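Chemist: got a predicted structure here, sequence first:
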Amino acid sequence: MHVEAELLTRCARGEERAYRELVGRIEKPLVNFIYRYVGERHLAEDIFQETFVRVLRTLPEFRPEASVATWIFTIARNLCLDHAKAKKRHREVPIDADASGNGGRVLHFREMLHSPAPSPDAGAEKSEMERRVIEALALLTPAKREALVMRLYADLPYQEIAKVVDAPVGTVKFRVHEALNELSRILTGAERNEATGT
């Protein structure tokens, strides 16, 4: 991560090339994290952009003892939490817990979890699979969802996740483990319901 710290230093000096390189290095895992956290592509892109606006604005506050990725993911997480609070204040929309509808094909839930974020040209089955995973993720507690998303989609190590969420590493591992178990129950339960027609 020394490269990212160097890029951040160059960003602080106003080097546009360093800023573009930093964004390029962290864009994919960060967008995956945000998208799976909020469940909406356009909103994820907006939060991603706002994250980097805040990165530039708060650059003088960065502490070199923290990793750049941890700092940026913390900013993104806080923006996701702010959005969730604002959304809850404005209107409460229940999420349909049924995560079925994949054309009769039984999918292993880990396959669904590790699928990349959908692109505009993704097939209908892939889009449906993604929808089911997003709906299932929404049923998890926020603490479990964010730990799982940071681990699986952003590929952050447990130690980094612990710093972002300000929790012990053991707690983060437990949350990821519990989240995987809950998703397994949700997604395989939906498969059984679909197969039996209930």
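Modeler: Nice, I can see it.

Chemist: which of the helices or strands spans the nearest residue to Arg63 once chain neighbours are set aside?
Modeler: Of all residues not flanking Arg63 in the chain, Trp71 sits nearest, at 7.8 Å (Cβ to Cβ, 6 or more residues apart in numbering). In this view, the C-beta of every residue, glycine as well, is placed from N, C-alpha and C. Taking DSSP states H and E as the criterion, Trp71 maps to helix 68-90.

Chemist: need the contact partners of that helix.
Modeler: Contact with helix 68-90 is made by 1, 4-5, 7-8, 22, 26, 30, 33-34, 37-38, 43, 47-48, 50-51, 54-55, 58, 62-63, 142, 146, 150, 154, 156, 160, 163-165, as judged by Cβ atoms under 8 Å, 6 or more residues apart in numbering.

Chemist: buried set for that helix?
Modeler: Using 16 or more other Cβ atoms under 10 Å as the test for burial, helix 68-90 gives 68-77, 79-80, 83.

Chemist: how near is Leu22 to Gly189?
Modeler: 42 Å (Cβ to Cβ, to the nearest Å).

Chemist: and these two? Which one has more around it.
Modeler: Leu22 (22 against 15; other Cβ atoms under 10 Å).

Chemist: quick one, what contacts the more buried one?
Modeler: Counting by Cβ under 8 Å, 6+ apart, Leu22 touches 4, 7-8, 11, 68.

Chemist: then Arg36?
Modeler: 117, 133-134, 137, 145, 149, 153.

Chemist: Ala136 is in contact with Ile186, correct?
Modeler: Yes: applying Cβ atoms under 8 Å, one finds Ile186 in contact with Ala136, separated by 4.5 Å.

Chemist: so which of the two has more stuff around it?
Modeler: Neighbour tally, Ile186 and Ala136, criterion other Cβ under 10 Å: the higher count belongs to Ala136, 25 against 21.

Chemist: quick one on the thing from earlier: any chance of the contacts of Leu22 in a markdown table, plus secondary structure?
Modeler: Putting the contacts of Leu22 into a markdown table (DSSP: H, G, I helix; E, B strand; the rest coil) gives the following:
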| residue | secondary structure |
| --- | --- |
| Glu4 | helix |
| Leu7 | helix |
| Leu8 | helix |
| Cys11 | helix |
| Val68 | helix |
